[in-house]
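Asks: Provided below are the primary sequence and the corresponding predicted coordinates.
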Amino acid sequence: GGPGAHPQRHYPTHAGHRFEHQRLGVDLVIAVGRALLQRVVQAGAFGEKPALTFPEGNPVGSLQRVILSEGTGPLTVKGDWLITNYLGQIWRDGKVFDNSYDRGAPSSFPIGVGGVIAGWDEALVGKKIGSRVVMSIPADKGYKEQGNEQAGIKGDDTLIFVVDLVGAAANDTPLDATPA
């Protein structure tokens, strides 16, 4: 009590309410992350090299993905051999560390099976071929603590990728020769 004292408030502690509060927090983080990502990409249609600028402030610390334009092709499946054009940029300094557009040829790799950074595996499985996707990938889903010195990526860097899903092939093509 006493002057200026606030009456004690009782908040429900039911597990369901806590879960709803946590879920709202997660949804808010995702919404903020998506809003940030949608402000990142400035130019470029599917197949064109994107131009990226970053809003002021820090990136959201969780994996974020926004489909900029949705394709009409089949969904990517874990284990597919994915064919993409992509541009990768470091949030901290805006440095483009890799892109296939300047090489003039897409890159391909198995998706969803640990052949690429975890952020790609998580964000690109189940997306339609022909889609353009922008991803914000925190360090724990990127190059982790070791970073990638050759690319200028530090151990705590968030990476932004714009990826065009050009095609996919099932990774179950039989071998020409039967192993002995």
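Replies: Great, that's in hand. Residues are numbered from 1 along each chain as shown.
Asks: show me the shaky parts of this protein.
Replies: Counting by pLDDT under 70, the chain contains low-confidence ranges at 1-43, 171-180.
Asks: now do the helices in it.
Replies: 15-40, 118-124 (DSSP state H).
Asks: tell me which residue is most central in the protein.
Replies: The chain has residue 135 as the residue nearest its centroid, 3.0 Å off, counting by Cα atoms, centre = their mean.
Asks: I figured that residue hits residue 158, correct?
Replies: No. Counting by Cβ atoms under 8 Å, residue 135 does not reach residue 158; the two are 10.2 Å apart. C-beta coordinates here come from the backbone N, C-alpha and C atoms, glycine included.
Asks: mind listing what's buried along stretch 98-109?
Replies: Residues 98-101, 106-108 are the ones in stretch 98-109 that count as buried (16 or more other Cβ atoms under 10 Å).
Asks: from the residues you listed, which is closest to residue 152?
Replies: Proximity of the buried residues of stretch 98-109 to residue 152 (Cβ to Cβ) peaks at residue 98, which lies at 10.4 Å.
Asks: who does the closest one form a beta bridge with?
Replies: With DSSP bridges applied, residue 98 shows beta-bridge pairing to residue 88.
Asks: my read: it touches residue 152, true?
Replies: No. Residue 98 lies out of contact with residue 152 (Cβ under 8 Å); the separation is 10.4 Å.
Asks: okay, and which of the buried residues of stretch 98-109 map to strands?
Replies: Among these, the members falling in strands (DSSP state E) are 98-99, 107-108.
Asks: ok, so of those, who is nearest residue 170?
Replies: Distance to residue 170 across those (Cβ to Cβ) is lowest for residue 108, with 12.9 Å.
Asks: just list the residues touching the nearest residue to that closest one once chain neighbours are set aside, thanks.
Replies: Spatially, and ignoring its direct neighbours in sequence, residue 108 is nearest to residue 83 (4.5 Å; Cβ to Cβ, 6 or more residues apart in numbering). Residue 83 makes contact with 106-108, 165-169 under the criterion Cβ atoms under 8 Å, 6 or more residues apart in numbering.
Asks: I figured residue 142 hits residue 153, correct?
Replies: Yes. With contact defined as Cβ under 8 Å, residue 142 and residue 153 form a contacting pair (7.4 Å).
Asks: any idea how far residue 161 is from the closest residue to residue 95 other than its chain neighbours?
Replies: In space, and not counting its chain neighbours, residue 95 is closest to residue 152: 5.5 Å by Cβ to Cβ, 6+ apart. Here residue 152 is placed at a distance of 15 Å from residue 161 (Cβ to Cβ, to the nearest Å).
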